[in-house]
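Undergrad: 3D model of this:
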Amino acid sequence: MRDIYCKIPGHAQNRLNTAIAYGGEKLAIQTIQDTFKIKIDRYAKVDFESFKKIVDIIGGIDITLSDAEVNYINNDLNYFKSKSKRLVRGESLYHLNGEQTLVYARARKVPTPEGLHDDFARTFRQRRVLGLIINAMKNCNLNQILNIIEQAGPYIDTNLKKSEIMILAKRVMTYLNFTLEEFRLPTDDNVKNSNIKSMAVLEIPDLAKARYDLAKFIYEDTVKVKNA
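TA: Numbering: from 1, shown residues only. Sure thing, here's the model as predicted:
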């Protein structure tokens with residue numbers, strides 16, 4: 001989560017997301033590697049505008065929203081004078097375009113129906129949206145997926161080589177059959193809400209446990225985490 005309080009290499013301790021502001025993807029990756037003792041070989045990044053375009057390219061997403069979430073999306077669209085269609089009030093299944101999906105994915109001031117608040121709510125929504133995007137791709141054939149990749153590619157910053165992307169694209173129909181699993185750090189049993197230097201942050205009391213939990217999730221077996 002973005003509010004994890006950790007050491008930023010070359011800087012003082014701060015929220016994890018400040019690494020992006022200080023040194024872009026390179027420093028963010030180094031911070032995550034140093035904090036959780038994992039190796040990150042590849043990354044992909046999209047900004048807000050690119051996110052909206054990518055969701056529109058796949059044709060939007062279908063998602064069940066609470067009345068409070070619908071109201072939040074409509075208010076945000078009104079505030080920014082968006083041309084996107086306002087949603088009809090009430091809990092229901094909605095089809096969202098890219099702009100509406102971005103507002104939903106960024107929402108943290110409205111609790112989720114599951115009772116999550118603040119950034120826990122926001123990151124839950126972000127994981128949910130990613131899952132729905134993947135599910136939407138499952139309804140496409142290979143030619144449609146290759147077309148989506150071609151259209152969405154310019155909106156994604158990544159260090160994946162073009163040859164690697166093409167290999168992944170050719171195998172995508174197999175990958176889409178895999179079960180999607182998700183994991184969040186900090187975990188509920190290893191987090192402390194704190195206020196440090198007038199910042200609301202998330203401290204991880206047992207960093208060794210967090211490193212172990214993450215490695216175990218990735219490698220799906222009992223593991224020993226280096227320097228944990």
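Undergrad: quick one: the strands in the protein?
TA: Counting by DSSP state E, the chain has strands at residues 5-7, 13-15, 44-45, 61-65, 92-96, 157-158, 192-196, 199-203.
Undergrad: how much space between the nearest residue to L146 once chain neighbours are set aside and Q13?
TA: Distances taken as C-beta to C-beta, 6 or more residues apart in numbering put A169 closest to L146, at 5.9 Å, once the chain neighbours are dropped. C-beta here means a position set from N, CA and C on the backbone, and glycine is covered the same way. If you measure A169 against Q13 using C-beta to C-beta, to the nearest Å, the figure is 40 Å.
Undergrad: Show me the shaky parts of the protein.
TA: 222-228 (pLDDT under 70).
Undergrad: so what's the spatially most central residue of the chain closest to, chain neighbours aside?
TA: Most central in the chain under C-alpha atoms, centre = their mean is Q126, positioned 4.7 Å from the mean C-alpha point. Nearest non-adjacent residue to Q126, counting by C-beta to C-beta, 6+ apart: A105, 5.1 Å away.
Undergrad: Then D213?
TA: T187 (6.0 Å).
Undergrad: how many neighbours does that neighbour have?
TA: Around T187 there are 15 other residues, counting by other C-beta atoms under 10 Å.
Undergrad: got the phi/psi numbers for it?
TA: Torsion angles at T187 (phi, psi; degrees, to the nearest 10) stand at phi -80, psi 160.
Undergrad: what's around the closest residue to H11 other than its chain neighbours, how many residues?
TA: Counting by C-beta to C-beta, 6+ apart, the nearest residue to H11 once its immediate chain neighbours are dropped is Y22, at 5.7 Å. By other C-beta under 10 Å, the residues close to Y22 number 14.
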